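*Asks:* One predicted model, sequence on top.
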Amino acid sequence: QVQLVESGGGLAQAGGSLRLSCAASARTFSNYAMGWFRRAPGKEREFVAAISWSDSSTYYADSVKGRFTISRDNPKNMVYLQMDSLKPEDTAVYYCAAHFRLPDVLLRVTEYNYYGQGTQVTVSS
C-alpha cells in the first residue's frame, strides 16, 4: 500500500505560480511512475503531467506544456509540480498518483494504482 499526501495548493492570481508537493510512503519509490491529475468543477479528472520511474522522462498535457514542470526526488520520496503562468482554467483539485513500473507509453492513459486526497488550486483572474 502506498500513501500519497499532497501539499502546496492555494489561491494564486492569473500569471502567478504555485508549487505542489507530494510525499509518498512507498519503500521502493524509485520503482513508481508518478503523475499529477486534476479535476475541475463539473468535469472529469484529467491527466496533467507524469514522470517515468526508469529514467525520469517527463510528459505533459498540451494545456500545461511549457508552463508546468514535474520533477521527483527519489531519496526523499517526493514528487513536485511547479506551476507557472497560471490561468483561471487551471483551477481544480490536483491529485498526485503512483503506479508501479508503469511503461512510459501508458503514463497518460492508465488508471494509476494509487491516488492522494488532492489539494485545491484556485486561480483568480
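*Replies:* Yep, it's here.
*Asks:* Model confidence for residue 103, exactly?
*Replies:* You'll see residue 103 listed with a pLDDT of 92.
*Asks:* give the contact list for residue 125.
*Replies:* Contacts for residue 125 (C-beta atoms under 8 Å, 6 or more residues apart in numbering) come out as 14, 88. Where C-beta positions appear, they are placed from N, C-alpha and C, glycine not excepted.
*Asks:* Please name every helix or strand in contact with the helix or strand containing residue 35.
*Replies:* Assessed by DSSP states H and E, residue 35 sits inside strand 32-39. Counting contacts by 3 or more C-beta pairs under 8 Å, 6 or more residues apart in numbering; DSSP states H and E, strand 32-39 packs against strand 18-24, strand 46-51, strand 68-73, strand 78-83, strand 92-100.
*Asks:* Using TSV, lay out those strands together with mean pLDDT, distance to residue 118 and mean neighbour count.
*Replies:* As requested, the helices and strands packed on strand 32-39 are exported to TSV (pLDDT from 0 to 100; distance: least, C-beta to C-beta, whole Å; neighbours: other C-beta atoms under 10 Å):
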stretch	mean pLDDT	distance to residue 118	mean neighbour count
strand 18-24	98	10	20
strand 46-51	98	12	22
strand 68-73	98	17	18
strand 78-83	98	13	22
strand 92-100	97	4	22
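*Asks:* Which among these is found nearest to residue 113?
*Replies:* Nearest of the helices and strands packed on strand 32-39 to residue 113, taken as C-beta to C-beta: strand 92-100 at 4.8 Å.
*Asks:* Pull the distance from that closest one to the chain's centre.
*Replies:* Centroid displacement of strand 92-100 relative to its chain, using C-alpha atoms, centre = their mean, to the nearest Å, is 5 Å.
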